[in-house]
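Participant: Based on what follows, work out the 3D shape:
(chains A and B)
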Protein chains: 2
Amino acid sequence: MDAAMIIYLVPATGLIALLYAYTRASWVNKQDPGTAEMVEISGHIADGARAFLSREYRVLGYFVAAVAVLLAFANYSNAHSSWLIAVSFVIGALCSGTAGFIGMSVATKANVRTTQAARTGIGEALNVAFSGGLVMGLSVVGLGVLGLSLLFIGYGTIDGWSTIKVINVLSGFSLGASSIALFARVGGGIYTKAADVGADLAGKVYEGIPEDDPRNPATIADNVGDNVGDVAGMGADLFESYVGSIIGTMVLGAAFITVPAFAADSAFSKIGAVLLPLIIAGAGILVAIVGSFAVKVKEGDSPQKALNIGEFGASAIMAVVSYFIITMMLPESWSVGGRDYTSLGVYWAVIIGLSAGVMIGLVTEFYTSIHRSPVFGIVKASITGSATNIISGLGLGMYSTGIPAIILALAIIGAFTFSGMYGIAIAALGMLSVTGIQLAVDAYGPICDNAGGIAEMAKLPAEVRERTDELDAVGNTTAAIGKGFAIGSAALTALALFAAFMQQADIQTIDVANPIILAGVLLGAMLPYVFSAMAMAAVGRAAAEMIKEVGRQFREIPGLREGTAPADFKKCVDISTKAALREMLLPGILAISAPVLIGFIDKSMLGGLLVGVTVSGVLLAIFQSNAGGAWDNAKKLIEGGIEFDGVTYGKGGDVHKASVVGDTVGDPLKDTSGPSLNILIKLIAVVALVIAPLIR
Amino acid sequence: MDAAMIIYLVPATGLIALLYAYTRASWVNKQDPGTAEMVEISGHIADGARAFLSREYRVLGYFVAAVAVLLAFANYSNAHSSWLIAVSFVIGALCSGTAGFIGMSVATKANVRTTQAARTGIGEALNVAFSGGLVMGLSVVGLGVLGLSLLFIGYGTIDGWSTIKVINVLSGFSLGASSIALFARVGGGIYTKAADVGADLAGKVYEGIPEDDPRNPATIADNVGDNVGDVAGMGADLFESYVGSIIGTMVLGAAFITVPAFAADSAFSKIGAVLLPLIIAGAGILVAIVGSFAVKVKEGDSPQKALNIGEFGASAIMAVVSYFIITMMLPESWSVGGRDYTSLGVYWAVIIGLSAGVMIGLVTEFYTSIHRSPVFGIVKASITGSATNIISGLGLGMYSTGIPAIILALAIIGAFTFSGMYGIAIAALGMLSVTGIQLAVDAYGPICDNAGGIAEMAKLPAEVRERTDELDAVGNTTAAIGKGFAIGSAALTALALFAAFMQQADIQTIDVANPIILAGVLLGAMLPYVFSAMAMAAVGRAAAEMIKEVGRQFREIPGLREGTAPADFKKCVDISTKAALREMLLPGILAISAPVLIGFIDKSMLGGLLVGVTVSGVLLAIFQSNAGGAWDNAKKLIEGGIEFDGVTYGKGGDVHKASVVGDTVGDPLKDTSGPSLNILIKLIAVVALVIAPLIR
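Facilitator: Sure, this is the predicted structure:
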């Protein structure tokens, strides 16, 4: 077998991921969904989630069709590209959309089954919830790798197409993924927080009813939000990073084709560096599946330990496996443009990416953990009221950008020193290589969260809720690491795409001493602020609608307060759905039009814009996400009872109230505007890459 | 007379400014300070302010001495520099420190005399308050121009010194100004907000006593804070911008000396472009004095109109005057490095700077004015509680970065298109040319604020407080514009210094496609976050101490609550003073060491750092300052009573309480961490410029 035939193994790993996801999904499906009441509640959640997704996808359908036509026309007569870029785009959008749909469908089944399993014990509940998350994780990597590799193989058979042209056309896939991510993450984020803030404020403050109380009309919407925002949204986010880092690396690898050491390489037909990211991704799928085997606990085992072994174990295996893949696929050393590269250097770049991701994750965990001093600081500040709680959280969020920025800076310099821009791109991929299991752990959290909500609504014994809460808490550490991964990988992916853009647009330098480029940096750095503001304003408007509606139902539905008449859940689900779809429009237009506009003014100014948006976006995302996470946990800490200077503070007091304000402020920051910035920076970079052949 | 003799007129304008400031100060001094009680209260404020300043200056003394020794050693054997840079540094620090001392001394006299004047009418009160502010304004420009021009003339007489060397050595003056600004703005900001937040929270929340109540022990510290933060701090901030933009322009102007059109210029000994910023600054002083004549109202005249005529009138005159100065001093056209310049182009750059300043100011005013929709939005959000109030304010602040960023980007591109980097530098100076009157209006606000506090403490009739409040409100519009000026000019000044740094460090390009430089941008962009966080944490810690102390006094001083025993003001003043001096240390070290460290690693990476810190700092400053201003005014709007959907909300209700939370959160943002960023971005740029000869 020709070694280059290895490319055909890549779609096979994608298929394996999907098949294994299917078996996990069937297993989840077979679990006991519990009482009729539980089935009914989870049915409402599943219906709400499906309703949102189907409406979102309808809107997306128009959007994708319109952009596809534009792409086809714009690239029709371009020698470096082809109208087929529109096909890549549509398939990319379909793959991401399908992954989101599968993941969310299973998550809305896993939630109630986790609740039911938690009635008997914590171990079984973890298995259900994790399996649900794993389906999301494997669908993302499976469809990502399958779509990309089949298109690459297919385009490769077209007569007269150079590898560079193939990759140019392939980049549409990444744009498709980004488009879905924009809608899923921003729209999903608006949905979930409109419902959450609405349910919280309306329920607790105005009607004296807890947010998970079945009498609260917004409670189903809140639970739907966990699925559309935290499961489908996070999935689309990582799908975008995953695909973006693969394509970015392929583009940069294409620059090595004519290098003698590669040209002489008969085994991989000169394109070893182009194939490498696909092979690493494929291997990562298998490693993630192996890692997932470790996450099966019997009663009495530590769930935390199981998750850790699964996730960190997969990373460790990946570190070993990549060594063999890289040294096999790349020449031992080569030179291009006066720079020396070695296969070992590329390997170190992968390791740098992997470690940087873990380190940023650990820092995130430090700043938001209930066991560390920063969150204690917020708790202490809450004693003097909500104002000091807020000031302290804002300060913590800003402060927490310091170390991640230093880690990222060192990773960038390190990866570049070891193997140039290709090194930076492959470092991004290194960070993302075990996305399959990483995302499983991320999605496991909201499933447990939902399970707890269902337990509450179905009025199950308190111990059930305690177990799901414990599972949720176990996932928090790994989820914090996941957030760090998401932001860090977004930054590196954006840089990989940035480097790819420069190559495709034929830009040699981006000199910020040139004021036009500097202006681009300034405008780019401003975009995350305006984008965040739009997302926050959207949540504010939608939450206000929700609060109004809850008030109306309590006034107009006789018996609702007494629990004798059911709330009109559907109306609340509808409000969140409509608001999310309406409100994502403006930020979406901004994110897509800004790079196109600036790009056609001056391609180097667009380079400046990319630098500005990436740097500013990463920092603002870390700030918002950590401040929000810390506020959340400060509230939880107080709810658990905490002592300062001999006084114990707990649920219900003024200090708790102050901490609830912080938590509510943090909600849209950590779940809407913050994560949306991951999308913004990647999307703008992808748009730049896609229009690169048109402005070169 | 040789036309180059015009340089001797520059110190003369500085002297005129100081003499006129002296006459205004004497006039203020001669006004009636009111009752014995008023004199006593204002005596406490003046004592507290002096105590803070003298302690701050003592700390500064050590700092300045240490840095001076370092500077002298580092530059001793450098051909491009000299140990005399330490002398420039010390004199710069002395000039800024003296201006702050004069301005604050007069402000603490003007406050009580404004109160007294307000007992008879609003017009007379305005005259007193504005005169007090004018002393600050004229001291800043007077000492700035005097110090710079005398040093320039003095160094010019040294045998064998090229103009470039003279300017290199002169740049120490700017570093001196920046050092004082760091201490005055950051330390003053911490002081004022520790006292304000402390007085507010302790008084209102815990003891049920308003912040201006004479029984509140923190109230004097609060009033002292207005003087050391808003008067002396703002003065040092603009002193730094003013001096920085002049020196930045001189450095860039020196590049023209060898250009044939200048070399042939006998009138200005080839250095027309070097002298130009000094001459414009000198002319600006005279124009500001003329403008100030317009701000004298008789009873019945509109105070707003008077301030507007004074400020905008001065800008308009300056626009005309600069035309004649520029066309007189520069050749009609010249070329250097393949670029064509015209004197008219330079003039347009000045106009661009002036207009950009005014426009950014108007945008600031729009987002923070009680008459515009954004603040109404916050008021509306307050109805659903403090969480939505905070979310809405954060969103507004982020959103408000959009237009200023676009204005700045256009100004940068415009000024560069018209006359290169020299154009950007002179645009900064254009923005600052009428600093004399701009700063007068800025300082007038806190004087009126103090006057109101004194009226309250001395239990004067309510109409007196109403009049001072009205005056304060009149100043708000112009003060908002002033904030915009301060931020905008800080950005342009930093860019001017950045360009000067590149020239002196012999850097041709700063290519952000080079990951090392990109890492510099990322680290630079992170600094404003960490710096802000430090400032906010400092305010939090100091305010907590203050709250504790107020509580202690109420518990331990018998009769304090009943008003029969006096509070121990001095203890509170002492807490603020110590906290401010202690807490400014760490951010100060960060700001100074970061550029030195990075600069000695890689000079181009330092260039990246400068770009990052400037871009990110400007945006974060606008965000914080506008969010804070809007929260403040939303609270004021609610206190004045406002109707929504048929319900009237006013003082004391839940909506008001929600708005107080926002105001308290906004306090450190708009008065400590936000303005501190103006200093950070200029300081880092100045440090880079000063070390440029050492790393070239």
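
Participant: can you pull out the strands in the stretch 351-500 of chain A?
Facilitator: Counting by DSSP state E, counting those that start in this stretch, the stretch 351-500 of chain A forms no strands at all.

Participant: interface residues of it facing chain B?
Facilitator: Within the stretch 351-500 of chain A, the residues that sit near chain B (C-beta under 8 Å from any C-beta of the partner chain) are A:381, A:384-388, A:390-392, A:394-399, A:401-402, A:405-406, A:408-410, A:412-413, A:415-416, A:421, A:424, A:495, A:499. Every C-beta, even on glycine, is put in place using the N, C-alpha and C of the backbone.

Participant: Can I have the buried ones of the residues you listed as a ChimeraX selection?
Facilitator: Buried residues among those (16 or more other C-beta atoms under 10 Å in any protein chain shown), as a ChimeraX selection:
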select /A:381,384,385,386,387,388,390,391,392,394,395,396,397,398,399,401,402,405,406,408,409,412,413,415,416,421,424,495,499
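
Participant: Name the helix or strand of chain A that has the lowest mean pLDDT.
Facilitator: helix A:260-263 (a mean of 79; mean pLDDT, DSSP states H and E).

Participant: for that helix, which positions count as buried?
Facilitator: A:261-262.

Participant: which residues touch it?
Facilitator: Identification of contacts with helix A:260-263 by C-beta atoms under 8 Å, 6 or more residues apart in numbering or on different chains yields A:256-257, A:270-273, A:331, A:333-335.

Participant: For chain A, which segments count as strands?
Facilitator: A:333-336, A:339-342, A:642-644, A:647-649 (DSSP state E).

Participant: Same list, the ones you listed, but as CSV with mean pLDDT and distance to chain B please.
Facilitator: Output for the strands of chain A, formatted as CSV (pLDDT from 0 to 100; distance: least, C-beta to the nearest C-beta, whole Å):
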stretch, mean pLDDT, distance to chain B
strand A:333-336, 87, 16
strand A:339-342, 89, 12
strand A:642-644, 83, 12
strand A:647-649, 84, 14
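
Participant: Run through the stretch 551-696 of chain A and note the low-pLDDT ranges.
Facilitator: Counting by pLDDT under 70, the stretch 551-696 of chain A contains no low-confidence segment.

Participant: actually chain A, sorry about that
Facilitator: Applying pLDDT under 70 to chain A flags the ranges A:1-4, A:203-207, A:211, A:266, A:269, A:476-477.

Participant: just to revisit the earlier point, quick one: which of the contacts of helix A:260-263 has the most company?
Facilitator: A:Ala273 (30 neighbours; other C-beta atoms under 10 Å in any protein chain shown).

Participant: Now do the same contact list for the nearest residue to it once chain neighbours are set aside.
Facilitator: Distance criterion C-beta to C-beta, 6 or more residues apart in numbering or on different chains; nearest residue to A:Ala273, sequence neighbours excluded, is A:Gly253 at 3.3 Å. With contact set as C-beta under 8 Å, 6+ apart, A:Gly253 has these partners: A:271-277, A:422.

Participant: my read: A:Asp340 touches A:Ser333, true?
Facilitator: Yes: if you go by C-beta atoms under 8 Å, A:Asp340 and A:Ser333 touch, sitting 6.5 Å apart.

Participant: just the helices in the stretch 251-400 of chain A please.
Facilitator: A:260-263, A:272-293, A:303-329, A:343-368, A:373-382, A:386-399 (DSSP state H, counting those that start in this stretch).

Participant: Can you redo those as CSV, where the extra columns are distance to B:Val197?
Facilitator: Listed next are the helices of the stretch 251-400 of chain A as CSV, based on distance: least, C-beta to C-beta, whole Å:
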stretch, distance to B:Val197
helix A:260-263, 63
helix A:272-293, 49
helix A:303-329, 40
helix A:343-368, 24
helix A:373-382, 12
helix A:386-399, 8
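
Participant: Quick check: which of these has the most neighbours on average?
Facilitator: helix A:386-399 (a mean of 28; mean count of other C-beta atoms under 10 Å in any protein chain shown).

Participant: Run the angle between it and helix A:343-368 for me.
Facilitator: 170 degrees (axes from the mean of the first three to the mean of the last three C-alpha atoms, to 10 degrees).

Participant: and helix A:386-399, what does it pack onto?
Facilitator: helix A:373-382, helix A:603-639, helix A:654-668, helix B:515-556, helix B:654-668 (3 or more C-beta pairs under 8 Å, 6 or more residues apart in numbering or on different chains; DSSP states H and E).

Participant: To B:Leu586, which of these lies closest?
Facilitator: helix B:515-556 (5.8 Å; C-beta to C-beta).

Participant: How far does the closest one sit from its chain's centre?
Facilitator: 19 Å (C-alpha atoms, centre = their mean, to the nearest Å).

Participant: What of stretch A:501-509?
Facilitator: Averaging C-alpha coordinates over stretch A:501-509 and over its chain gives two centres that are 28 Å apart (C-alpha atoms, centre = their mean).

Participant: contacting residues around it?
Facilitator: A:80, A:168, A:251-252, A:255, A:510, A:603-604, A:606-607, A:610, A:685, A:688-689, A:692-693, A:695-696, B:509, B:511, B:513.

Participant: likewise stretch A:297-315?
Facilitator: Under C-beta under 8 Å, 6+ apart, the answer for stretch A:297-315 is A:121-124, A:126-127, A:130, A:287-288, A:290-292, A:294-296, A:354, A:358, A:434, A:437-438, A:441, A:444, A:470-471, A:474-475, A:477-478, A:481.

Participant: at 6 Å instead, please
Facilitator: For stretch A:297-315, contacts defined as C-beta atoms under 6 Å, 6 or more residues apart in numbering or on different chains pick out A:121, A:123, A:126, A:287-288, A:291, A:294-295, A:354, A:434, A:437, A:441, A:474, A:478.

Participant: Can you tell me the closest non-neighbouring residue to A:Thr108?
Facilitator: Counting by C-beta to C-beta, 6+ apart, the residue nearest A:Thr108 is A:Ala46, at 4.0 Å.

Participant: Tell me, how many residues neighbour the one you found?
Facilitator: Per other C-beta under 10 Å, the neighbour tally for A:Ala46 reads 20.

Participant: now A:Glu240
Facilitator: Neighbour tally, A:Glu240, other C-beta under 10 Å: 33.

Participant: For A:Ala181, which of the helices of the stretch 251-400 of chain A is the nearest?
Facilitator: So among these, helix A:272-293 is nearest, using C-beta to C-beta, at 17.6 Å.

Participant: on contacts alone, who are the packing partners of that closest one?
Facilitator: helix A:9-30, helix A:122-156, helix A:234-253, helix A:303-329, helix A:435-457 (3 or more C-beta pairs under 6 Å, 6 or more residues apart in numbering or on different chains; DSSP states H and E).

Participant: Report the inter-axis angle for that helix versus helix A:234-253.
Facilitator: 150 degrees.

Participant: Extract the C-alpha set from helix A:272-293 and format it as CSV.
Facilitator: Provided in CSV are the C-alpha atoms of helix A:272-293 (Å, rounded to 0.1, in the frame of the first residue of the first chain):
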residue,chain,number,x,y,z
GLY,A,272,3.0,15.2,4.0
ALA,A,273,2.7,18.5,5.8
VAL,A,274,-0.8,19.0,4.2
LEU,A,275,-2.0,15.5,5.3
LEU,A,276,-0.5,15.7,8.7
PRO,A,277,-3.3,17.7,10.4
LEU,A,278,-5.9,15.3,9.0
ILE,A,279,-4.0,12.3,10.3
ILE,A,280,-3.5,13.8,13.7
ALA,A,281,-7.2,14.6,13.9
GLY,A,282,-8.0,11.0,12.9
ALA,A,283,-5.7,9.6,15.5
GLY,A,284,-7.2,12.0,18.0
ILE,A,285,-10.6,10.4,17.4
LEU,A,286,-9.4,7.0,18.2
VAL,A,287,-7.5,8.2,21.3
ALA,A,288,-10.6,10.0,22.5
ILE,A,289,-12.6,6.9,22.2
VAL,A,290,-10.0,4.9,24.2
GLY,A,291,-10.0,7.7,26.8
SER,A,292,-13.7,7.5,27.1
PHE,A,293,-13.5,3.8,28.2
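
Participant: who touches it?
Facilitator: A:7, A:10, A:13, A:17, A:20, A:134, A:141, A:145, A:149, A:246, A:249-250, A:253-254, A:256, A:265, A:268, A:310, A:313-314, A:317-318, A:321-322, A:325, A:329-330, A:429, A:433-434, A:436-437.
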